[in-house]
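> With the input below, show me the fold.
(2 chains)
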Amino acid sequence: SFGLWGITLLMGLLSVFFVCLFFSSAFAVDRGNFKTCDQSAFCKRQRAFKPGQSPYRALLETLELSDSRLTLQLINDNNKVHLLLELYRLQGNMTRVKINELKPLKPRFEVPDVLIAEPPTDLSVLSKDDNGVVLSLGAESQRLIVSARPFRLDIMEGPEVLLSLNSRGLLAFEHLRLRKDTNKEEDGLWEETFKSHTDTKPNGPTSISLDFSLPGVEHVYGIPEHADDLKLKTTDGGDPYRLYNLDVFQYELYNPMALYGSIPLMLAHNTQRTMGIFWLNAAETWVDISSNTAGKTVFGKMLDFVQGSSEKPQTDVRWISESGIIDVFIMLGPKPSDVFSQYASLTGTQSFPPLASLGYHQCRWNYNDQEDVKSVDQGFDQHDIPYDFIWLDIEHADGKRYFTWDPHKFSQPKEMLQGLMDKKRKMVAIVDPHIKVDSGYKIHNEITSKDFYVKNKDGGNYEGWCWPGNSGYPDFTNPEMRAWWASMFAYDQYEGSMENLFTWNDMNEPSVFNGPEVTMHKDALHGKWEHRDIHNMYGLYVQMATAEGQIQRSGGAERPFVLTRAFFAGSQRFGAVWTGDNAAEWDHLKISIPMCLSLGLVGVSFCGADVGGFFKNPSTELLVRWYQTGAYQPFFRAHAHLDTTRREPWLFGPENTALIREAVRQRYALLPYWYQLFFQAYRTGMPVMRPLWVDYPKDTATFTIDDEFLIGSDLLVHPVTEEGSRGVTAYLPGAGEVWYDVHTFQKHNGAQNLYIPVTLSSIPVFQRGGSIIPRKDRVRRSSACMENDPYTLYVALSPKKFAEGKLYIDDGHSFNYDTKKEFIHRSLTFANNALTSSNLCPDCNFLTSSWIEKVLILGASKPSKVVLKMNGKETPVDFEFDSSMSVLTLRKPGMNAGDDWTLLLQ
Amino acid sequence: MTCLHLLLTLVFAVSLGTPVEIQRPRGVPLTKKQFYEESKPFTCLDGSRTIPFDRVNDDYCDCKDGSDEPGTAACPNGSFHCTNAGYRPMFIPSSRINDGICGKMTLHLDISPQQCSMHGMVLHLKFFLCTDCCDTTDEYNSGAKCENTCKELGRKEREVLQKMAEITKEGFLLKQQLIEEAKKGQQEKQSKVTDMQENKKQLDEKVEALRTVKETAEQPEKEAKERHLKAWEEQKAAIRLEKDKAKMAETFLELDDNADGFVSVSELQSHAELDPDADGTLTEIEAQGLMGGAEQVDTSTFESVWPKIKDKYHSESQAEEPAPVETPPDEVKEPVVDNDSEPYPEDDISEEEDEDDEDEDDYHEDDDKAQPTIKTPEKTHEDEEAMPPYDADTQALIDAAQKARDDFEEAEKALREMDDQIRNIEKELSFDFGPDAEFTYLYSQCYELTTSEYIYRLCPFNRVSQKPKYGGSETNLGTWGSWSGPENNKYLLMKYEQGTGCWQGPNRSTTVKLTCGKETVVTSTSEPSRCEYLMEFTTPAVCQEPANIDPSPHDHVEL
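Here you go, the predicted model:
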């Protein structure tokens, strides 16, 4: 039949294609497939401008001030093009700077759907003279100074400049023009060719650039996604950091090449202040960083200091984007947590995930069939390892037609899902955004009939090659398309789906195997906008529509869980992110820490790396170490390439099975803490997994640490990421503070480098003195099985015999915490020898069966008596005291986890 | 809710069908009842501490070994005993108590006893997944509405056990036969090898003796042939000289057109073929040059001209005839055996040996090759100088030597064949065919399984392959590597390695899992990991002795 021939032909073509694809690169990225700044015409053009006198001048006479904003025209004295500057003083210590053409030939793209709302503004007070304008910003003697000639902006606090814009004169705004008006036919203005792909540029040059100077700043972070250190490096002499969502085959580490996602937010930090620069632009973007102290040795810096001749350290940043407008949000902190909440107020917070999604995920490309799924599921029970989700990659679908099932291998999906449900477990099946062009495929036919595909430059449906062969790409920027897509997740639409089936969006950069840089042509069209304008947010829209679909299928009752590979600012609102196709190498294990830390700093807390490494086969030691590391990272999923050997946790001998079991169990015991942190992230934007400097912003020793990290404020983790390691040196921050080894309860002082001898079973983790962490130490088959289990409170006392913590409980899966306030949120405080649980949400309403089975007080002294005060009654509580480690254990106090109570040590 | 009282449960132990009520704390097996006495403080089973008895099963973990909480989920390492009346008693991890999951056991033939024994249970046979209790006693406080499925399970298990027992029984009998046959076969082969080695010794001696005979006969043969050849060479030289002279005289006459007894320059010039510079004409000067500068030569001086022209000279008598066209070789031309100019038997022998290595059947077809000298006269050439036949004495020596050669070669060949046979049998004997050689019968057999796409072929101790059902070339999935089962029984798995390389991957390999069955069949194949195949194979050879298997529920269990 034609169909069969078609498939055979297609597979043949595909295999030929893969032969080409794979042969071109042997286990490392083929850099030649991706552009350098020099190969990207606008980047080359912009970077050719050197710092100097800016041609832009502010026309003060055009100034207008309304309640919410100041507008002012700028003129480029070289070409007389007028720009419009808008300045907004935003609530929460932020300033927004927008620059657009005053009268563009046609509208320029402004990024929609990323800001959760039009940011509320604050009133400003203005003073003005011939040289410029001074705008007072809020209460704290902060001012924004607009200098007219040349145009520049300075944000001051008292006498100090916090941040300047265009201070190096690199503002460059390529105005829209007609081709006939272009004086010289410069290369790459109206057409650009990379490898065999020609980008027709009907709008000509449209790029924008602006520089920012940060006096007093030596450390900048953020702008993921890059496989690089946490602290951003200077880019002098190399390529800028690139933000352009790309499917990079076997990516290389420690370089500024673009990866799957982009979040154009940079954080600047010094001991006094943390600030943020959010560059709201979805086009291809490059970020240059330079520093006047870079390259100076510590000795050189000291010499400067001693001689008093030092110039103030300063970091200069320059952003370059291919199209759109300049729309920058400057967050002035001053504390790290302030920047997080400022950014969260713009783009939203991390979605609050279902509790189960914080458990362990078992994935592989591919679990072959239902029988395979069943036997892996049983393997976990046989080996007594908990897990919550088993995943199906692209082979589960019928010929890579997403929303369908392979009729032979997965003929009874509901039976399979029911089997998992009986064990309170869940499944994720992949749904990618490329749609097989096949007139026998419902999804394709509907998208075609509704005209929902992205168009090519000539107006036809854009087609490219991906897993299914020739594929169309739905236009996710179209809200109607997204609504339709969401409706496809309804149980009656997505056949074989059930409420325990969730979704994974891969390849949503979008990946186009035969496209320029393995992605979509920039001159493809999304309605009236070019792909060039929206590229970096395509993936965000895919995840947005998918998450919406999952919400809708439950009538708005249940929280979604969607994993994405591509992302943009705001993606945190829709689910989890992973670091893409890494490799089973020690360096890839190491890099998972800075990669997720960087994402956490810019709002995406739900981050993880493929445990074990996607490509290649890990050594047993690497696999064990990766489980131990992954158990302490927010998204905990093992994944493996089709060509690798099987690596379910029990395939490496009983000793290693036991090590992996122990790591996974530690994760499950800490689920109450993780859940509470995600609730906090959802509420405030505080990252769950954080660099040390977030909590110790004045301790310069923490500023470059990225081989250890904090989970919340209270757990410090230094995973073992070196092969054959016999010990690690962990920096314990906080002068005058103490940390307790969570396994031995040994107490260590803060502000020291502590050498910790390790064996293969060691996961160095410390609890901060002064914290209380609730755990569920009865680890079961899945998180849902632990729902009613009792808590053990780990109270780690500070040197002042104080500790505090929080406990959050809800049903774990619905929106009732939000819509009906059905949750328990309690504050736990230990002070004056009394541990008290008090209600943080008196008008909340949730009943739990969980109770407090045990309280461990670390760093305690031996009481003569312990009494539980509850409902006006006092009852004695049994206790034990271990004097060698100063651990007091209260035996079975027994109160309900939602109750008010006090435990008195007498 | 927070206080779970010590619950004593009524447990019905099935013993010869008579229910007996025995009180003991929840989750405690009968065999450990004596450690849990209500009237006494409880000592953790590891002896680590002693606690008041009311702390047993009080939903708080006091003992490091979990022994104080056999009936609750309080201890992370505890285990819960369920009686499962109607099925079989078992331990489950205490983390499964009240987790809301019912004991929905699925038939699972794959579980090795070790995997369950970590929960304190050792079973000889294991069919159902031991994750939850079928009698629902593990879900006494979870709200889950579980059904007691023990009877059903028991029935199913008995069925399976019965069936398995039958299979095992029959299989084991078959295995005994296999062992017998293998032993017999092995003994036969062993004694055959011994015999053959004895024979080989004799053959060795015979070959050496015949070699001496052959060499002895060949020496006089060689000398006689050399004599004969030398005489013939001399004779040939004389004849050739004669002929040349005749030809020269004839030529002189032909050239001497005017018959004046001299050949003149102009007469010579009529033979353009004699042109030394190949420009097509024989000039006067050139002709003179050929004649040594003379204008004409007589017959005696012509003797010095003749050597310069004889190679080119065309006889006038043949000039009108068409040049002899060589007949093009026929497609089915009989093989031009040995060229006439090399009639030396020594060469023939070396040729024969070469051929001999390729094809032993040709060995005796050399008779006609051995006597090329007899056949050559058939081919008529202008050269009539065939070597005269050997004289009778020489021929007698040749015949004697040939016979010695034939005898020697025959003996040597027999020796080689014997070596091969010994080697093959020794190779077979060197395979590990199991503790009782029960796998011997699989040697040099092949078994196939046809799936929707492929035909899989397992040739034990040789190789595994896969061939597309509808055309396409065969893929090697591995050649025999080793037994690779677990330490206690390595004969449960076969490993075939180093098959066809996988693109961007390892070489293909196959693990063959052997299970007891009456028939010898490949029952399934799969590819759990890319290019790592798994084949299931039943054979009586792995059937264990049925250890008085009683298919009714029984307590092998707790140790």
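> residue ranges with poor pLDDT in chain B?
For chain B, applying pLDDT under 70 flags the ranges B:1-22, B:105-130, B:316-385, B:548-559.
> tell me, how many neighbours does B:Trp232 end up with?
If you count neighbours by other CB atoms under 10 Å in any protein chain shown, B:Trp232 ends up with 14. For glycine as for every other residue, the C-beta is placed from the backbone atoms N, C-alpha and C.
> Tell me the spacing between the closest residue to it other than its chain neighbours and B:Glu233.
Nearest residue to B:Trp232, sequence neighbours excluded (CB to CB, 6 or more residues apart in numbering or on different chains): B:Met387, at 5.0 Å. To B:Glu233, B:Met387 is 9 Å away according to CB to CB, to the nearest Å.
> More neighbours: which of these two?
Taking neighbours as other CB under 10 Å, B:Met387 and B:Glu233 compare with B:Met387 leading, 17 against 11.
> Quick check: that one is in a helix.
No. Using DSSP: H, G, I helix; E, B strand; the rest coil, the assignment for B:Met387 is coil, not a helix.
> In a helix, A:Glu495, correct?
No. Counting by three-state DSSP, A:Glu495 is located in no helix; its state is coil.
> pretty sure it contacts A:Pro407?
No. Applying CB atoms under 8 Å as the test, A:Glu495 and A:Pro407 come out as separate, 11.3 Å apart.
> With adjacent residues omitted, what lies nearest to the closest residue to chain B within the stretch 651-800 of chain A?
Nearest to chain B in the stretch 651-800 of chain A, going by CB to the nearest CB, is A:Cys785, at a distance of 3.9 Å. Distance criterion CB to CB, 6+ apart; nearest residue to A:Cys785, sequence neighbours excluded, is B:Asp99 at 3.9 Å.
> Go ahead and list the helix or strand containing that neighbour.
For B:Asp99, there is no host helix or strand (DSSP states H and E).
> Can you list phi and psi of it for me?
phi -100, psi 10 (degrees, to the nearest 10).
> what about it, distance to B:Thr281?
Counting by CB to CB, the gap from B:Asp99 to B:Thr281 is 117 Å.
> Between those two, which is the more surrounded one?
B:Asp99 (25 against 10).
> Please list all residues in contact with that one.
A:Lys424, A:Arg780, A:Arg781, A:Cys785, A:Met786, B:Ala73, B:Glu139, B:Ser142 (CB atoms under 8 Å, 6 or more residues apart in numbering or on different chains).
> got the residue ranges for the strands in the stretch 101-250 of chain A?
Along the stretch 101-250 of chain A, the segments classed as strands by DSSP state E, counting those that start in this stretch run A:125-129, A:132-137, A:142-147, A:152-157, A:160-165, A:172-173, A:191-194, A:197-200, A:208-215, A:219-222, A:241-243.
> closest one to chain B among the ones you listed?
Of the strands of the stretch 101-250 of chain A, nearest to chain B by CB to the nearest CB is strand A:197-200, at 26.0 Å.
> Check which helices and strands that closest one is in contact with.
Packed against strand A:197-200, as judged by 3 or more CB pairs under 8 Å, 6 or more residues apart in numbering or on different chains; DSSP states H and E, are the following elements: strand A:191-194.
> Report the buried residues of the strand it packs on.
Buried residues in strand A:191-194, counted by 16 or more other CB atoms under 10 Å in any protein chain shown: A:Glu192, A:Phe194.
> counting contacts, what elements does it pack onto?
Looks like strand A:191-194 contacts strand A:197-200 (3+ CB pairs under 8 Å, 6+ apart).
> what's the spacing between the strand it packs on and its chain's center?
Taking the mean of its C-alpha atoms, strand A:197-200 sits 32 Å from the chain's own mean (CA atoms, centre = their mean, to the nearest Å).
> which other residues reach that strand?
With CB under 8 Å, 6+ apart, strand A:197-200 has contacts from A:Trp190, A:Glu191, A:Glu192, A:Thr193, A:Lys457, A:Gly515, A:Pro516, A:His521, A:Lys522, A:Asp523.
> ok, 10 Å please
A:41, A:188, A:190-193, A:457-458, A:514-517, A:521-523, A:530-532 (CB atoms under 10 Å, 6 or more residues apart in numbering or on different chains).
> What subset of those is buried?
For those, buried by 16+ other CB under 10 Å: A:41, A:188, A:190, A:192, A:457, A:515-517, A:521-523, A:530-532.
> mind listing which of those residues are in helices?
A:Ala41, A:His531, A:Arg532 (DSSP state H).
> dump the residue contacts of the second one.
Taking CB under 10 Å, 6+ apart as the criterion, A:His531 is in contact with A:199, A:283, A:454-457, A:462, A:473, A:475, A:477, A:510, A:515, A:519-525, A:538.
> A:Val248 touches A:Asp30, doesn't it?
Yes. Here A:Val248 reaches A:Asp30: they are 9.3 Å apart, a contact under CB atoms under 10 Å.
> Compare neighbour counts for these two and give me the winner.
A:Val248 (24 against 14).
> quick one: the more buried one and chain B, what's the gap?
Using CB to the nearest CB, to the nearest Å, A:Val248 is found at 18 Å from chain B.
> how about that residue, phi and psi?
Main-chain torsions, A:Val248, degrees, to the nearest 10: phi -90, psi 120.
> how far is stretch B:541-549 from where the chain is centred?
32 Å.
> Check the gap between A:Asp239 and A:Ala258 for me.
10 Å.
> what does the stretch 351-500 of chain B put close to chain A?
B:Ser452 (CB under 10 Å from any CB of the partner chain).
> Next, count neighbours for the nearest residue to B:Glu532 once chain neighbours are set aside.
Using CB to CB, 6+ apart and skipping residues adjacent in sequence, the residue nearest B:Glu532 is B:Ser509, 5.7 Å away. B:Ser509 has 20 neighbours, counted by other CB under 10 Å.
> Show me the shaky parts of chain A.
Checking chain A against pLDDT under 70 turns up A:1-27, A:138-140, A:183-185, A:294-310.
> cutoff 90 now
A:1-32, A:65-69, A:91-92, A:120-143, A:158-159, A:179-188, A:292-312, A:643 (pLDDT under 90).
> Can you tell me the closest non-neighbouring residue to the spatially most central residue of it?
Residue closest to the mean C-alpha point of chain A, counted by CA atoms, centre = their mean, is A:Val604 at 2.8 Å. Using CB to CB, 6+ apart and skipping residues adjacent in sequence, the residue nearest A:Val604 is A:Gln572, 4.7 Å away.
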